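Novice: Provided below are the primary sequence and the corresponding predicted coordinates.
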Amino acid sequence: MSSRSTVGRCLGGAAKYRWLVLKVQEYPVNLALLKLAESGIGARSCSLMEAPRVRYAASPTENKAVEIADLKRRIAEVEQALMVVPEEYRNGVLYHTINHGTGRISPGHGSSWQDPRFDKAHRNTWKKWKTRFLLEYAAIIGELDHIKLLIEYEDLLSGTTVPNEKIYHFQ
């Protein structure tokens with residue numbers, strides 16, 4: 001085992017960790033979008049068509065309903081993943097994930113486990129529950145198999161870089 005950083009190691013590495021955190025960080029935005037989308041739905045107005053439609057095209061209301069369903073699914077995925085975290089840690093885990101989860105990406109937003117809101121438990125306890133939350137979230141959105149592959153082949157992938165020559169085989 002090497003002396004590499006262990007950030008996100010049980011989540012398949014730092015890149016997959018950041019990807020999961022960024023998806024969770026969409027949660028408050030999705031809540032706001034849902035509220036806006038739901039407030040903008042109205043009854044469809046009557047219209048006369050001179051010629052019958054040959055192909056089906058969704059109405060704006062149908063498109064809005066699909067958008068709302070997608071937003072509700074995204075919100076429910078985060079909320080369902082939070083259920084693995086004991087109730088007394090849920091708000092703190094979600095807060096830290098949303099506000100400080102990618103501290104290594106954006107300067108000035110490092111880990112805030114020293115914040116007084118996290119005083120009721122040791123830092124390692126918070127980290128454990130945050131990791132379990134992210135693993136559950138990965139399972140819900142279908143990323144757990146990919147994470148298992150990343151962990152299984154970690155040593156073989158450690159020096160992988162994209163060469164200058166084209167190695168991809170797209171059809």
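Specialist: Arrived safely.
Novice: List phi and psi for M83.
Specialist: The phi/psi pair for M83 (degrees, to the nearest 10) reads phi -70, psi -20.
Novice: From Y89, how far out is it?
Specialist: Going from M83 to Y89 by C-beta to C-beta, to the nearest Å gives 12 Å. (Glycine included, C-beta is placed from N, CA and C.)
Novice: next one: the helix or strand harbouring H146 to chain centre, how far?
Specialist: Using DSSP states H and E, H146 sits within helix 144-152. Relative to its chain's centre, helix 144-152 lies at 17 Å (C-alpha atoms, centre = their mean, to the nearest Å).
Novice: which residues touch the helix or strand just after that helix?
Specialist: Scanning forward in sequence from helix 144-152 by DSSP H and E, the next helix or strand is helix 154-157. Helix 154-157 is contacted from outside by 13, 150, using C-beta atoms under 8 Å, 6 or more residues apart in numbering.
Novice: Centre-most residue in this protein?
Specialist: By C-alpha atoms, centre = their mean, the chain has its centre lying nearest to K23, at 2.2 Å.
Novice: Under a three-state scheme, what state does that one occupy?
Specialist: Under DSSP: H, G, I helix; E, B strand; the rest coil, K23 falls in the helix class.
Novice: try L33
Specialist: With three-state DSSP as the basis, L33 sits in helix.
Novice: which residue packs closest to it, ignoring adjacent ones?
Specialist: In space, and not counting its chain neighbours, L33 is closest to L71: 5.6 Å by C-beta to C-beta, 6 or more residues apart in numbering.
Novice: To what extent is that neighbour buried, counted in neighbours?
Specialist: By other C-beta atoms under 10 Å, the residues close to L71 number 21.
Novice: what pLDDT does it get?
Specialist: With respect to pLDDT, L71 scores 96.
Novice: Ok, the one 10 residues further on next?
Specialist: If you check A81, the pLDDT there is 97.
Novice: for G42, same thing?
Specialist: 55.
Novice: Over to L135?
Specialist: pLDDT at L135 comes out at 94.
Novice: Tell me how far it lies from A81.
Specialist: 9 Å.
Novice: Looking at these two, which is more packed in?
Specialist: Looking at L135 and A81 with other C-beta under 10 Å, you find the greater number of neighbours at A81, namely 23 against 18.
Novice: Figure out the helix or strand that the closest residue to L11 other than its chain neighbours lives in.
Specialist: The shortest distance from L11 to any non-neighbouring residue, by C-beta to C-beta, 6+ apart, is to Y17 (4.6 Å). In this assignment (DSSP H and E), Y17 forms part of helix 14-24.
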